[in-house]
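In: Quick one, fold the following:
(one chain, ligands or ions: 2)
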Amino acid sequence: MQKTLREYILEADKAGVAIGHFNISNLEALHGIYKAAKKLNLPVIIGLSEGEEKFVGKGEAVALIKELRENEHYPIFLNADHHYSFETVKAALDAGYDSAIIDAVKLPLDENIALTKKCVDYALELSKKTGRDILIEAELGFIGTSSKILDALPEGVSEKTMTTPEDAKHFVEATGIDLLAPSIGNVHGMVRGGNPRLHPERVKAIREATGIPLVLHGGSGTMDQDFLDCIKEGIDIVHINTEIRVAYKEAVEKFLQSHPEEIAPYKILESAVEAVALVVEARLKLFNRMQ
Ligand code: G3H
Ligand code: ZN
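Out: Ligands and ions are numbered 1, 2, ... in the order given. Alright, predicted model coming up:
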């Protein structure tokens, strides 16, 4: 009997390490992530945002993960990352995802709570019906939206939009979520000139106030020490996307420059698999204090 994602999160929490969550848009990224996780023998979460999911296909994503989990017996899990409506969360869970993030931070707080609660209730109902252990995560406080290279901090990201322990406690109690993604200085994407520093003391206070595992979004571009300090204080999952996208693109560009005649996608894209694997291996080693 394989362990559930909830059990792996609990294990990571006890061990003071974090599980890596990496986004994919295609098969090469999945192969790179799987290759790195397998090399280190660590559980891993694959995330697809609504846009990434639309490109890959919901059913296809579920089938890919199922193949690795059931036939290769590997602890790899599938997360519906930043889904913006009940309908898209429900569709992902119905298709077989292990978890979903209902991202309703742009809504007024009471609407965010109502929508999040609706997703939690649905996940509970589906878990009961299917015997699967489905997790729901929600975000509180603003951390920007795009996994891309940014010239400056996104508008609206500031000390003022960071999550407070009081708000977090209220939100968690009102919704019953399994995981919380707070705003603690983190930002989606990589800011030219450097990402802002994180606030581990805020992680500690939010963790104490809520008592549930916390997820660090916007991991790309974060300083190593900030990761370690936040993981120590209660972060159990870390999301990385932009760094993977950059590695993928640069590897393909470099390969095509040096092999302008090559037309076989599996030869061209092998360079992307290797580049993604290198990024993921380095991040996983750090999150698990293996270096
Ligand atoms: O949900 C996805 C992540 O939070 C990725 O953020 O692109 O800054 O690594 P990132
Ligand atoms: Zn995110």
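In: and the longest helix for the chain?
Out: Taking DSSP state H as the criterion, the chain has its longest helix at helix 109-130.
In: how far out from the middle of the chain is that helix?
Out: Chain-centre distance of helix 109-130: 19 Å, with CA atoms, centre = their mean, to the nearest Å.
In: Just want the angle from the helix or strand that that helix is followed by to helix 109-130.
Out: Sequence order places strand 135-140 as the next helix or strand after helix 109-130, per DSSP states H and E. Interaxial angle, strand 135-140 versus helix 109-130 (axes from the mean of the first three to the mean of the last three CA atoms, to 10 degrees): 170 degrees.
In: for strand 135-140, packing partners?
Out: strand 99-102, helix 109-130, helix 165-175, strand 179-182 (3 or more CB pairs under 8 Å, 6 or more residues apart in numbering; DSSP states H and E). C-betas here are computed from N, CA, C, even on glycine.
In: In contact with the residue in the chain that ligand 2 sits nearest to: list those residues for me.
Out: Closest to ligand 2 within the chain is His217: 3.3 Å, counting by CB to the ion. Neighbouring residues of His217 by CB atoms under 8 Å, 6 or more residues apart in numbering: 139, 143, 181, 186, 188, 239.
In: Flag the least confident of these.
Out: Ranked by pLDDT, the contacts of His217 bottom out at Ile143, which has 93.
In: is it possible to export the helices and strands packed on strand 135-140 to TSV including distance to ligand 2?
Out: Supplementary listing: the helices and strands packed on strand 135-140 in TSV, determined by distance: least, CB to the ion, whole Å:
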stretch	distance to ligand 2
strand 99-102	7
helix 109-130	16
helix 165-175	17
strand 179-182	7
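In: Looking at the ones you listed, which is nearest to Ile149?
Out: Closest approach to Ile149 among the helices and strands packed on strand 135-140 (CB to CB): strand 179-182, 21.7 Å.
In: going on from that closest one, what's the next piece of helix or strand?
Out: Immediately after strand 179-182, counting by DSSP H and E, sits strand 190-191.
In: Which strands border that next one, and is each parallel or antiparallel?
Out: strand 149-150 (parallel) (DSSP bridges).
In: ok so, going back, keep the contacts of His217, but drop any that are not near ligand 1.
Out: 188, 239 (CB under 6 Å from any ligand atom).
In: Could you identify which of the contacts of His217 has the most neighbours?
Out: Asn186 (30 neighbours; other CB atoms under 10 Å).
In: That residue is in contact with Thr222, isn't it?
Out: Yes. With contact defined as CB atoms under 8 Å, Asn186 reaches Thr222; the gap is 7.1 Å.
In: Name the residues contacting each of the two.
Out: In contact with both Asn186 and Thr222: 195, 198, 216, using CB under 8 Å, 6+ apart.
In: quick one: pLDDT of the last one?
Out: Spelled out, that is Leu216. Looking at Leu216, its pLDDT stands at 98.
In: Mind listing the residues bridging to it?
Out: With DSSP bridges as the rule, Leu216 is bridged to Val238.
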